[in-house]
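Trainee: Predicted model and sequence below, questions to follow.
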Amino acid sequence: MPKGVLYLVPTPIGNLGDMTYRAVEILKNADLIAAEDTRTSLKLLNHYEIRNKLVSYHKFNESKQTKALLDLLEQGKSIALITDAGTPGISDPASILVKAAIDSNINVSCLPGATALIPALAASGLDTEKFTFAGFLPTRKKERTALLNSLKELPHTLILYESSHRIIDTLRELQAYFPDRRFVLARELSKLYETFYRCSFADLSQINDLETRGEFVLLIEGGVKADISDEQLVVMIKDQSPELTIKELVDTISRYTGVSRNRIYKLALELRNQ
């Protein structure tokens, strides 16, 4: 008897209209749907009139359920795995079942679809050529500190997830690690109140209207190490349009060179005061 297929089916991160035709068909025709939270998933399934057997699969029952789901896959059953929102396996327990299925030579098929980090990156205005996705930061201070120390020197965009009740504390904490960096905070992506906050950690106090409800994606620009002399920076500063404010000038050169904003600001201020 041929083995079944484990389908990883992305679900909308907010707007139900982002569901794909193929995703709906897979959910309708699978032998079983495994969901992170059956109550949350029922809203989506009812919206698309999907009537199928539904079981829970989350971090509190993953050990027991992984074995049960593997048994069904071994029997030739197809299983569609979904999470509360986004692509299964990204910052959720789905990766455990995926690894177990692969170890058992069971075919795993992931549909393309919704995820929060890619839309946030594409609309951020930061470098999209290379990036590191670190998910949620560890809750233990020792692990968190070690990770942030390893991430602060990355030369490309860093992407993090953060919960609504921790976002303010996290921004203040990150200010110590990325004092001169720009960041973008994407909130409630694809939903009615989708919002992008663009700022620098040096100007963090300027964000007075931050709405802390909802889901957040935090993107931090890379820390390019540039071997550029003060003389070279002075030339760049002089080449900029005199109509630019110092802040605009500093942001432009820092983004291009990777040199800290404070260093450029001091030079620009000296030139304008001459």
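Mentor: That came through fine. Everything quoted here is computed from the prediction, not taken from an experiment.
Trainee: Confidence-wise, which helix or strand of this protein is lowest on average?
Mentor: When the helices and strands of the chain are compared on mean pLDDT, DSSP states H and E, helix 246-257 comes out lowest with a mean of 79.
Trainee: Tell me the helices and strands packed up against that helix.
Mentor: helix 230-239, helix 261-272 (3 or more CB pairs under 8 Å, 6 or more residues apart in numbering; DSSP states H and E). From N, CA and C alone the C-beta is placed, and that goes for glycine too.
Trainee: what comes into contact with it?
Mentor: Identification of contacts with helix 246-257 by CB atoms under 8 Å, 6 or more residues apart in numbering yields 180, 182, 200, 221, 224, 226, 228, 233, 236-237, 240, 244, 259-261, 264-265, 268-269, 272.
Trainee: so which of the helices and strands packed on helix 246-257 comes closest to Thr195?
Mentor: With CB to CB as the criterion, Thr195 lies closest to helix 261-272 of the helices and strands packed on helix 246-257, at 24.2 Å.
Trainee: mind checking how far the closest residue to Tyr265 other than its chain neighbours is from Leu269?
Mentor: Counting by CB to CB, 6 or more residues apart in numbering, Val250 is the residue found nearest to Tyr265 once chain neighbours are left out, at 5.0 Å. Remark: distance between Val250 and Leu269 (CB to CB, to the nearest Å) = 9 Å.
Trainee: out of those two, which sits in the more crowded spot?
Mentor: Neighbour count, other CB atoms under 10 Å: between Val250 and Leu269, Val250 has more, with 27 against 13.
Trainee: Quick one: low-confidence residue ranges for the stretch 101-250 of the chain.
Mentor: 224-227 (pLDDT under 70).
Trainee: Thr157 versus the residue nearest in space to the middle of the chain, what's the distance?
Mentor: Most central residue of the chain, judged by C-alpha distance to the mean C-alpha position with CA atoms, centre = their mean, is Leu117 at 3.3 Å. Leu117 sits 10 Å away from Thr157, going by CB to CB.
Trainee: just how off-centre is the least confident helix or strand of the chain within its chain?
Mentor: The chain centroid and the centroid of helix 246-257 are separated by 26 Å under CA atoms, centre = their mean, to the nearest Å.
Trainee: Check stretch 143-153 too.
Mentor: On CA atoms, centre = their mean, the centre of stretch 143-153 falls 17 Å from the chain's centre.
Trainee: Pull the residues that contact that stretch.
Mentor: 132, 134, 137-138, 158, 174, 177-178, 223, 225.
Trainee: quick one: which of the residues you listed sit in strands?
Mentor: Counted as lying in strands by DSSP state E, out of the contacts of stretch 143-153, are 132, 134, 158.
Trainee: which of the residues you listed has the most neighbours?
Mentor: Leu158 (23 neighbours).
Trainee: got a list of what it touches?
Mentor: 131-132, 134, 151, 219-220, 222.
Trainee: residue contacts, Tyr57?
Mentor: Counting by CB under 8 Å, 6+ apart, Tyr57 makes contact with 34-36, 65-66, 69, 81, 93-94, 97.
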